[in-house]
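Colleague: Pasting a predicted model and its sequence here:
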Amino acid sequence: MEQSWKQAKAVFATALSAPLVWLVLFFLIPLAIVWAYSFGHNEGLTQIAITGTFKNYARAIEPLYLKIFLKSAGVAALTTGLCLVVGFPVALAITFASQRAKTWLLLLIMLPFWTNLLIRTYALIAVLRNEGYINKGLEAGWNLAAKVMPLQPFQPLEMMHTNFAVIVGLVYVHLPFMVLPLYSALDRLDKSLLEASLDLGAGHMRTLFKVVVPLALPGIASGVLITFIPALGAYLTPDLLGGPDSQMIANVIERQFKRANDWPFGAALSFLLMYLTFVAIAVQALVSKGRKGATA
Amino acid sequence: MCLSPTLSIHPRGRSMTRKSPPGPLEYLRRWQMQAWLAAVGVFLYAPLIALMAFSFNDSRRNIVWKGFTLKYYDKAFNDSSLIEAFVNSLTIAALCTVLSVALGAMVALVLWRFRFPGKTVLDGALALPIVVPEICMGVAMLVFFAKVLPWPVGLPWPLNLGAITIAHVSFSFPFVAVVVRARMASFNREMEEAARDLGAGEWRTIWDVILPHMAPSLVAGALLAFTLSLDDFVITFFTAGPDTVTFPVKVYSMVRFSVTPEVNAASTILIVLTVILTAVALKLQGDPAGVAGHGDKA
């Protein structure tokens, strides 16, 4: 049972004060200032007047920026979908592996998760660029083939600075975000239900879609959310792997703050991104609540 | 957790020999699944292994193998700005870990132990740093340190790293709180009552009974905070001044120009450090599944 705070005021006050002050001073106040700025405009070079204007938001939903928002959401959704397709069998394999294999497979998935994001993205540049491992490998194969048949000189595949590279990069970085929650959801399933389904004559695919997926839906929803949110706000991947036409919303925000020096507009964009994030969380909460209501 | 193979979940597979066909739920023994896992493994590891391998390549055009060399490590170790950035990163991560563990443990204790008005609000506010997109937090820190609390320039090291450290603690300590709270759910309240009955005071109980139970989660939280801090690029990118460069920010500026063996060497050092840290974490935790649990932190 929880104790009322009045029963141990000294402990309560001591343990609460520092984290609370930190959270308010170094997190909530900075966010509140950005929020206030989103209703202001630039006055001179460094002054920002908070006038309560909605001009920044109006500008943010102009077609140019709306398109970037939609594109970012689309890219994040595609990334999440690919992570789900790639990661689900992996999570399933981990769930039904022996204790020993489970340990190793989890480690296999976790290790890249602990590796620096920038280094992982950089490693992908070396793979995807025109002089990268894929193109060099293809070139070697091409030259070999050219010895037996007449072929045009090798043209490297243009993979860097494309939307393709951004998607590959996002999937690469976010795969562990999907696999780990999926695994923890699948691990909690009652395995006898699966055996029953198989015994009663359903195939593996049918069991998967009719039994496993519905039961694991809350876990799938949280995996989708945990992958979607960071993918939506991704900055580094589109910045390093993408070209001019694959910029995502975070890159636009960065530009407003660092180069364009239009903080109020950048503030409005970043709060729109936050609202989108909260909508995603609300949808996930509804999905898992709906599930609970259905089974109760 | 028992590691005995006889606790296998496949009743039919238990008594059979290794050569038997895979049981209905032994997905790992199906070749399709093995092929899929192998492909995912190659996808996840090939870029990193290639990166590490080519840091030893004696060629600037680092795709064709020209022979083994350590000269890029020599270069990386003699690059004073790279070393400085690396030391900065480790210092920030260490400071961030200490502060995050203290703050995270305190707030977790309060939320676990007490009933008080505004508890739901605090709970929600504490979840915010975990869910707010990094870029939003980055700009919030940029604005805060530009307008509200301009961090003095030219402070002696490590005080000049204050702004970045503060930003890192803000996003790290809620993660520590989550880990500690999960651990405290398994605490047996009767232990605390027993301590009280035996005459221990409020503080004594916390120190001698609650903290020892909390300890594994403090270690896990510390490793998590350390990794989060060491890993962070975006928030640091917005908070760092010209004289407070961290390792990821430095690597970023190097990567922007080109792919070079020096960056490969520096990255390899960090990857090796990560692997060592992970191994330490596994040793301390005993059960890797417990460490893996950080994955569903958010």
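Modeller: Everything's here; your move.

Colleague: When you work out contacts or count neighbours from here on, use the C-alpha atoms and nothing else.
Modeller: OK.

Colleague: Could you check how many residues crowd around B:Leu155?
Modeller: 11 (other Cα atoms under 10 Å in any protein chain shown).

Colleague: At which residues are the helices of the chain located?
Modeller: Chain wasn't specified; assuming chain A. A:9-23, A:29-37, A:55-60, A:63-95, A:99-114, A:117-128, A:133-148, A:163-187, A:191-199, A:204-207, A:213-232, A:236-241, A:249-258, A:263-295 (DSSP state H).

Colleague: nope, chain B
Modeller: With helices called from DSSP H, chain B shows them at B:31-54, B:71-78, B:80-113, B:119-131, B:134-143, B:162-184, B:189-197, B:202-205, B:211-231, B:234-239, B:247-257, B:261-285, B:288-292.

Colleague: got JSON lines for these, with mean pLDDT, distance to chain A and mean neighbour count too?
Modeller: Output for those, formatted as JSON lines (pLDDT from 0 to 100; distance: least, Cα to the nearest Cα, whole Å; neighbours: other Cα atoms under 10 Å in any protein chain shown):
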{"stretch": "helix B:31-54", "mean pLDDT": "90", "distance to chain A": "5", "mean neighbour count": "17"}
{"stretch": "helix B:71-78", "mean pLDDT": "87", "distance to chain A": "15", "mean neighbour count": "16"}
{"stretch": "helix B:80-113", "mean pLDDT": "93", "distance to chain A": "5", "mean neighbour count": "22"}
{"stretch": "helix B:119-131", "mean pLDDT": "91", "distance to chain A": "8", "mean neighbour count": "16"}
{"stretch": "helix B:134-143", "mean pLDDT": "94", "distance to chain A": "5", "mean neighbour count": "25"}
{"stretch": "helix B:162-184", "mean pLDDT": "93", "distance to chain A": "6", "mean neighbour count": "25"}
{"stretch": "helix B:189-197", "mean pLDDT": "85", "distance to chain A": "8", "mean neighbour count": "13"}
{"stretch": "helix B:202-205", "mean pLDDT": "85", "distance to chain A": "8", "mean neighbour count": "14"}
{"stretch": "helix B:211-231", "mean pLDDT": "89", "distance to chain A": "5", "mean neighbour count": "22"}
{"stretch": "helix B:234-239", "mean pLDDT": "92", "distance to chain A": "7", "mean neighbour count": "22"}
{"stretch": "helix B:247-257", "mean pLDDT": "86", "distance to chain A": "7", "mean neighbour count": "18"}
{"stretch": "helix B:261-285", "mean pLDDT": "82", "distance to chain A": "6", "mean neighbour count": "19"}
{"stretch": "helix B:288-292", "mean pLDDT": "45", "distance to chain A": "6", "mean neighbour count": "19"}
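
Colleague: Would you mind saying which of those helices lies nearest A:Tyr122?
Modeller: Closest approach to A:Tyr122 among the helices of chain B is made by helix B:247-257 (7.2 Å; Cα to Cα).

Colleague: So which elements touch that closest one?
Modeller: With contacts taken as 3 or more Cα pairs under 8 Å, 6 or more residues apart in numbering or on different chains; DSSP states H and E, helix B:247-257 sits against helix A:117-128, helix B:80-113, helix B:261-285.

Colleague: closest to B:Leu37 out of those?
Modeller: Closest of the helices and strands packed on helix B:247-257 to B:Leu37 is helix A:117-128, at 19.6 Å (criterion: Cα to Cα).

Colleague: Sketch out the low-pLDDT regions of chain A for me.
Modeller: Scanning chain A with the threshold set as pLDDT under 70 gives A:1, A:291-296.

Colleague: residues touching A:Ile94, list them.
Modeller: For A:Ile94, the contacting residues are A:101-102, A:105-106, A:183, B:28, by Cα atoms under 8 Å, 6 or more residues apart in numbering or on different chains.

Colleague: Report the beta-bridge partners for B:Arg115.
Modeller: In this entry, B:Arg115 is beta-bridged to A:Ser4, by DSSP bridges.

Colleague: okay, it: pLDDT?
Modeller: Reported pLDDT at B:Arg115 in the predicted model: 90.

Colleague: Against B:Thr239, how distant is it?
Modeller: B:Arg115 is 37 Å from B:Thr239, where distance means Cα to Cα, to the nearest Å.

Colleague: what's the answer for A:Ser197, then?
Modeller: From A:Ser197 to B:Thr239 the distance is 55 Å (Cα to Cα).

Colleague: just A:Ser192 next, same as before
Modeller: Counting by Cα to Cα, the gap from A:Ser192 to B:Thr239 is 53 Å.

Colleague: which one of the contacts of A:Ile94 has the most neighbours?
Modeller: Using other Cα under 10 Å as the neighbour criterion, A:Tyr183 leads those with 27 neighbours.

Colleague: Enumerate every residue touching B:Ile92.
Modeller: By Cα under 8 Å, 6+ apart, B:Ile92 lies in contact with B:161, B:164-165, B:229-230.

Colleague: Dump those to JSON lines, plus distance to A:Val86.
Modeller: Compiled in JSON lines, these are given as follows (distance: Cα to Cα, whole Å):
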{"residue": "B:Leu161", "distance to A:Val86": "40"}
{"residue": "B:Ile164", "distance to A:Val86": "36"}
{"residue": "B:Thr165", "distance to A:Val86": "36"}
{"residue": "B:Ser229", "distance to A:Val86": "29"}
{"residue": "B:Leu230", "distance to A:Val86": "28"}
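
Colleague: Pick out the most distant pair among those.
Modeller: Longest distance between any two of these is 13.6 Å, between B:Leu161 and B:Leu230; criterion Cα to Cα.

Colleague: which parts of the stretch 151-296 of chain A sit against chain B?
Modeller: Contact residues (Cα under 8 Å from any Cα of the partner chain) of the stretch 151-296 of chain A with chain B: A:172, A:176-177, A:180-181, A:195, A:198, A:226, A:229-230, A:233-236, A:240, A:250, A:253-254, A:257, A:267, A:270-271, A:273-274, A:277.
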